[in-house]
Structures are given as C-alpha cells and as structure tokens.
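Colleague: sequence and predicted model, in that order:
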Amino acid sequence: MGQIKVVKAPIEGLYEITPTVHGDSRGYFMETYNLNDMREAGLDLRFVQDNQSMSVKGVLRGLHFQKQYPQGKLVRVIRGTVFDVAVDLRDGSATYGKWYGVVLTEENKKQFYISEGFAHGFLVLSDEAEFCYKVTDFYHPGDEGGLAWNDPGIGIEWPRVTGTYAGSAGAEGYCLEDGTPLCLSDKDQKWPVLSARV
C-alpha cells in the first residue's frame, strides 16, 4: 500500500498530496515523494531541479509561469504556513482562467502538484515560511511570464487580505488582517491582468 495519498483537485491537472506520517516519542518519519505512488495516481513525473525559499509574513510571490518551457511543480512547506494558488492558463481548457488554492503548513504536511500550463503563486501567513518545490523543467529567465495577483477577472480569494483593487498589481493599500502590509517584488507588482495576456 502506498505511503502517499494523491487526490485530484476540482481543476484537472492539480493534485493535493498527503504523506503518511509515522510518529512516536522520538519524532516522525515520512516519505515526501514516491515515484510508484505517483504513477499509480497517473502522474509519471520527471523532476530536474529542487528549489527552496524563505519568506516572511505578508510576502506574496507570483503569479508566475513559463511560456515556452512550462514547469510542473510539486510544492510543500517545511516551516510555517502559506496559501498556495494555481491558475489554469491552458488554451482550450474548460477551466481556463479559473483558480484553486490550498493551505500548506508544516503541521498538515500537504503537498500540491501543479501540472504544466498553470500560473503559480503563494502568500505567507505565518511569521516566516520555508517553501520547497521540485520542477519538471529548468528556470529560463527570458521565458518568464506573470499575472497580476489581484486580477479581478480571476478573483483569487486570498485569505486574511484586505484592500481594494486599484488598477494594478501593486501592493499599496493591501495588508493582512493584523495590519502586516503585503510585500511583492517590483517585478510581481507589474504583471498584467489575464485579459491583457499576449
């Protein structure tokens, strides 16, 4: 029997993955990836790179994608809490422009697999978060694309965020419920809305 439970999300191409955690007085052990379990769920994946980032509360990264070299991503949190989001950008998809999000924490130990053809982003809800992900293609700087995280046409319901869309992806005027301002890179504050995507 597999050690990893793979469940299809409501949007085709997205999967929530939960490992079996074996704990006792010493701590715990779990498999975070098992090729056979993934294949049994219909995912025959080939990862080429592992990445890790640390971000502080209020940081929002995304929404990112690669145009000619799309990446599948298997993401998880090893410390802290994030709200992780994928937006369907696959031409001809019945769910084009739709989003799905999942809360990933060090406690729930969930993972989220995002197939090629989606934009991806996440918001840090804890004081700090360490985020790990495997990708199916390398990073190609000249191929990077993005979407406004607050695109009203997509309508992502970011948890604990207050503010009003003012016509751009800028973070000004947005904060978490506790007053922590949102923090985005300069690049992420300049991405267009989906309707302006070329």
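Modeller: Looks like it arrived, so ask away. Numbers count the residues shown, from 1 in each chain.

Colleague: what's around the nearest residue to Thr32 once chain neighbours are set aside, how many residues?
Modeller: Nearest residue to Thr32, sequence neighbours excluded (CB to CB, 6 or more residues apart in numbering): Pro19, at 6.1 Å. For the C-beta atoms, the positions are set from N, CA and C on the backbone; glycine is no exception. Pro19 is flanked by 21 other residues according to other CB atoms under 10 Å.

Colleague: before we move on, what SS does Tyr113 have?
Modeller: strand (DSSP: H, G, I helix; E, B strand; the rest coil).

Colleague: pLDDT score assigned to it?
Modeller: pLDDT recorded at Tyr113 is 98.

Colleague: surely it meets Gln71?
Modeller: No: Tyr113 lies out of contact with Gln71 (CB atoms under 8 Å); the separation is 11.5 Å.

Colleague: I'd guess Asn36 is in a helix, am I close?
Modeller: Yes: secondary structure of Asn36 (three-state DSSP): part of a helix.

Colleague: got a list of what it touches?
Modeller: Gly2 (CB atoms under 8 Å, 6 or more residues apart in numbering).

Colleague: ok, now how distant is it from Ile4?
Modeller: 9 Å (CB to CB, to the nearest Å).

Colleague: and the least confident helix or strand in the chain by mean pLDDT, how far from the chain's centre?
Modeller: Here the helix or strand of the chain ranked lowest by mean pLDDT, DSSP states H and E is helix 35-40, holding a mean of 90. The chain centroid and the centroid of helix 35-40 are separated by 21 Å under CA atoms, centre = their mean, to the nearest Å.

Colleague: the closest residue to Pro181 other than its chain neighbours: neighbouring residues, count only.
Modeller: Distances taken as CB to CB, 6+ apart place Cys175 nearest to Pro181, at 4.8 Å, with adjacent residues excluded. Applying other CB under 10 Å, we find 16 residues neighbouring Cys175.

Colleague: now do the same for Cys175: its pLDDT.
Modeller: So Cys175 comes in at 94 (pLDDT).

Colleague: ditto for the one 4 residues further on
Modeller: Taken from the predicted model, the pLDDT recorded for Gly179 is 94.

Colleague: which element is it on?
Modeller: With secondary structure defined by DSSP states H and E, Gly179 is part of neither a helix nor a strand.
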